[in-house]
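Asks: Need a 3D model of the sequence below.
(2 chains)
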2 protein chains.
Amino acid sequence: MHPRLLERLHAAVGDAGLVLDDEARAPYETDWLRKFTGRSSVVVRPADTAQTAEVMRICHETHTPVVTQGGNTGMSGGATPDGSGAQVVLSTVRMKAIRSVDPLNNTLTAEAGVLLAHIQAAAQAVDRFFPLSLGSEGSCTIGGNLATNAGGIAVLRYGNARELALGLEVVLPDGRVWHGLRALRKDNTGYDLRDLFIGSEGTLGIITAAVLKLHARPVARATAWVGAASIDALVRLLAQLRAACGERLVAFEMLSAESLELILAHVADSRAPLASAHAFHALIELADTQAQGLAELLEGGLGEALEQSLVDDVAVSVSGAQTQAFWKIREGISQAQMRAGKAVKHDIALPISALAAFVHRADAALREAMPGVRIIDFGHLGDGNLHYNVLMPLDTAPEAMATATARLNRIVHDLVAEAGGSISAEHGVGQLRRDELRHYKSEVEFDLMMRIKQSLDPNQIMNPGKLI
Amino acid sequence: MHPRLLERLHAAVGDAGLVLDDEARAPYETDWLRKFTGRSSVVVRPADTAQTAEVMRICHETHTPVVTQGGNTGMSGGATPDGSGAQVVLSTVRMKAIRSVDPLNNTLTAEAGVLLAHIQAAAQAVDRFFPLSLGSEGSCTIGGNLATNAGGIAVLRYGNARELALGLEVVLPDGRVWHGLRALRKDNTGYDLRDLFIGSEGTLGIITAAVLKLHARPVARATAWVGAASIDALVRLLAQLRAACGERLVAFEMLSAESLELILAHVADSRAPLASAHAFHALIELADTQAQGLAELLEGGLGEALEQSLVDDVAVSVSGAQTQAFWKIREGISQAQMRAGKAVKHDIALPISALAAFVHRADAALREAMPGVRIIDFGHLGDGNLHYNVLMPLDTAPEAMATATARLNRIVHDLVAEAGGSISAEHGVGQLRRDELRHYKSEVEFDLMMRIKQSLDPNQIMNPGKLI
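Replies: Numbering: from 1, shown residues only, chains lettered A, B, ... in the order given. Sure thing, here's the model as predicted:
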């Protein structure tokens, strides 16, 4: 790094904002799954929007590439620098003020570095609810959630991160600031810049703050575990429960028998929720601002499903402890996979009506291509989002993993594309799926994306090598 | 128009797709409020996406400007050609197929020219609900709804048109087609092109089809009319009802005393819902997929509000006829204004917590600027969206109207901007508010918009003179 550049960055962010030491920089140069490691020229940690803007003015003038990083909990290497040592990592973690909470308007304005869990708590403190929820909520930042349009376990009811943001403040590639922190439910004054930055994975600008939507706080929950013979049956149950329960239905999570077995084998103190064996399982939850009748609604809907043989067994939770136990099973899947092997992960989405046929075809194709393959199929059925993974032995060599990944990706993603699905549902594209994206995007769509990229980041300094 | 151009357009759309006759063209050249009249060189009515693409290829090659028009029910002249006679009007009304309905996925795929009311009916036919609802639903098209990101009376619960679309098919300015008809709840594969086209008012491309979200069909409604002393009290009531009722709260519409008087004076068979006089009125509605307890929930919430003196009188509807009568009053405001005078209309949105203070300031400023001014203040309180209008006498001369409009706009919009609001909430910018938009948009935001416009429509042929 040119000493003059370092000097200017130092002047912009001060001692507290500069991480130069190799050892101190290391955590910023590897993703938490340890799949991607790169090298940064320097890590800058601006304290506020003005410092972020000054850093970007400097990088703009000097054509210095910038990788923005939040809590560094991404699954796709989107916030990890490349190996050149030329990229500046810009960490948002010091921008952690909650600027305002407005319960009458049901909004909260937070800076990019605020932890998702802190936003949830700030909403609860004014008797409101911020619904975005994911495994990493204690360490991921809202800036990263928005930059990747994070999904999680409440999308069925509340939408993705995109649907939870009303306004943004963004530092542009040339250091100008777009002040788009609107707290409005209706605003038709030109092109939707907000949604262009959301999900752009740091390739168009740096989100420094956001106005978030708050919701009414649910005071009651009703949770059940069901066993069924097929995905098709679960999809029909989902439709029936939606019709009966409307927006009370907040979770409809699916696990295949093999996924459940893996969890029971590898997660301490986990017990099978049902005594009997089933090909597929679902964790179903209702929530409401009124407690009355909620449990009965769930029991009624599942009782009907039993009569129709849509489900074969049902356990309705009768205590907070039992509900926690159900969720612990669902959330144990990541740990179980890590302990049991090396996973080739697919983060796919399909029309819900196409899920069952897709899984039949993909299972058959994988079994033919790789006899004895271990398919770990689970996900957010209510969103059409499957984490349709393949588990390889723990001792699989890196080259063998790479070969298997390429082969499995092509089989699975070809079938996803045929069914009108998405090869990147909620974990982002980053480095991990960038080549796959190019393979499957239409020429027209890719051209539109490139035009936008070039118009907003003409020097191509924003997170090069990611997404686009 | 050059004969060769006409020949090519004729080859593209055939006899049935070409409107040449002056008289036949006239309805396409004036908006329904008769505020804007222009001249078209020709009106083309392509039968499908392929014909639309061919028309755009021709217009691209010949640099011919194109004005896209749906049901021609817009309020801002966004679909009316200019006076040059050089613009082609492209009407989407012949593209009216509902391509598919998928109740398991809760989606419906419709072409741009389908009437909103037909989409509502198609959803209902499969026991689902398409919530977008506005006064013109019997004659507006879904393409126009999406191009303007229409709002309406269900935004509080279901969001704007933007929130109801999952995927789009768009003919680009050069005649290429972006096939983005995804029916997915989660899809993070690059920049959000969908939301860029939604709300862009025909200035970036032509939406030819869309995948729309369907919702669970509510089977029960509970409706009430309340009188209150202040907007502040209504805002607090809104917050309380949201906390108690969650997503059951589907409408919270506000009318000032003067708005109500105007309706009672000018709409046949309308009767005051409350015996007593109140400064502000609200029409409140809950809806649910379950009937049980719904009326009690509304009554309980309003009973509490009476005890707290948030409201001074309440009438809970006891019959379908009474509910209809309540809605007839609310919906009578447009007609009442037309009969009573000439309205200077403001379609503004504010943070809900800022509404009361805004109205106090704006009322005072208008009364000072124009003693005796008739302020007709009503709107979608639950969305922070006011139609804060000023009624001028019926015999006001056009020049006097123009002068008053400019003066009133500046007073109202300055206060809106100060309060962090929007000067264009749900009716679009079109021709009507284009200059206002330029006045209030930040230089940075306008520059971002222009970059996008130039990158997607470099020849500037898409709806010139509108929005941007």
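Asks: Let me see the contact set for the residue nearest to residue A:248 when sequence neighbours are not counted.
Replies: Distance criterion C-beta to C-beta, 6 or more residues apart in numbering or on different chains; nearest residue to residue A:248, sequence neighbours excluded, is residue A:286 at 4.4 Å. Just so you know, the C-beta spots here come from the backbone N, C-alpha and C atoms, and that holds for glycine as well. Counting by C-beta atoms under 8 Å, 6 or more residues apart in numbering or on different chains, residue A:286 touches A:221-223, A:245, A:248-250, A:294, A:297-298.
Asks: now swap in residue A:68 and tell me
Replies: Counting by C-beta under 8 Å, 6+ apart, residue A:68 has contacts A:79, A:90-92, A:143, A:147, A:202, A:206, A:462-463.
Asks: List the beta-bridge partners for it.
Replies: Residue A:68 has these beta-bridge partners by DSSP bridges: residue A:90.
Asks: And the pLDDT for it?
Replies: The model reports residue A:68 with a pLDDT of 98.
Asks: Return the residues of the stretch 201-350 of chain A in contact with chain B.
Replies: Contact residues, the stretch 201-350 of chain A versus chain B (C-beta under 8 Å from any C-beta of the partner chain): A:204, A:215-218, A:235-236, A:239, A:242-247, A:288-290, A:292-293, A:297, A:349-350.
Asks: Selection in ChimeraX covering whichever of those are buried, please.
Replies: In ChimeraX, the members of those classed as buried (16 or more other C-beta atoms under 10 Å in any protein chain shown) are selected with the following command:
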select /A:204,215,216,217,218,235,236,239,242,243,244,245,246,247,288,289,290,293,297,349,350
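Asks: Enumerate every residue touching the closest residue to residue A:349 other than its chain neighbours.
Replies: Of all residues not flanking residue A:349 in the chain, residue A:425 sits nearest, at 3.8 Å (C-beta to C-beta, 6+ apart). Residue A:425 sits next to A:151, A:347-349, A:383, A:385, B:184, B:186-188 when contact means C-beta under 8 Å, 6+ apart.
Asks: about what we covered before: might you specify the subset of the residues of the stretch 201-350 of chain A next to chain B located within strands?
Replies: Cross-referencing those against strands under DSSP state E gives A:215-216, A:288, A:349.
Asks: what about the biggest helix by length in chain A, average pLDDT?
Replies: Counting by DSSP state H, the longest helix found in chain A is helix A:398-418. Across helix A:398-418, the average pLDDT comes to 97.
Asks: tell me what it is packed against?
Replies: strand A:342-344, strand A:347-349, helix A:355-369, strand A:385-392, helix A:434-440 (3 or more C-beta pairs under 8 Å, 6 or more residues apart in numbering or on different chains; DSSP states H and E).
Asks: Which residues does the longest one contact?
Replies: Residues from elsewhere that reach helix A:355-369 (C-beta under 8 Å, 6+ apart): A:230-232, A:235, A:350, A:373, A:375, A:377, A:381, A:384, A:386, A:388, A:390, A:407-408, A:411-412, A:415-416, A:419, A:421.
Asks: Please name the nearest non-neighbouring residue to residue A:195.
Replies: Among residues not flanking residue A:195 along the chain, residue B:195 sits closest, at 3.8 Å (C-beta to C-beta, 6+ apart).
Asks: Which residues does the strand or helix carrying that neighbour contact?
Replies: Assigned by DSSP states H and E, residue B:195 belongs to helix B:193-197. If you take C-beta under 8 Å, 6+ apart as the criterion, helix B:193-197 is touched by A:191-192, A:195-196, A:445, A:448-449, A:452, B:146-147, B:162, B:165-168, B:170, B:178, B:180, B:204-205, B:207, B:452.
Asks: And stretch A:390-405, by the same measure?
Replies: Identification of contacts with stretch A:390-405 by C-beta under 8 Å, 6+ apart yields A:262, A:337, A:340-344, A:346, A:366, A:370, A:373-376, A:408.
Asks: What confidence value was assigned to residue A:152?
Replies: Listed pLDDT for residue A:152 reads 89.
Asks: does it really touch residue A:385, like I thought?
Replies: No: Residue A:152 is beyond contact range of residue A:385, at 9.9 Å (criterion: C-beta atoms under 8 Å).
Asks: joint contacts of these two?
Replies: Joint contacts of residue A:152 and residue A:385 (C-beta under 8 Å, 6+ apart) are residue A:426.
Asks: who's more crowded, those two?
Replies: More neighbours surround residue A:385 than the other of residue A:152 and residue A:385, with 29 against 23 (other C-beta atoms under 10 Å in any protein chain shown).
Asks: Bridge partners for that one, pull those for me.
Replies: residue A:349, residue A:380.
Asks: picking up where we left off before, of the contacts of residue A:68, closest to chain B?
Replies: The nearest member of the contacts of residue A:68 to chain B, counting by C-beta to the nearest C-beta, is residue A:147 at 10.5 Å.
Asks: can you tell me how far residue A:299 sits from residue B:306?
Replies: If you measure residue A:299 against residue B:306 using C-beta to C-beta, to the nearest Å, the figure is 35 Å.
Asks: I appreciate the help and will end here.
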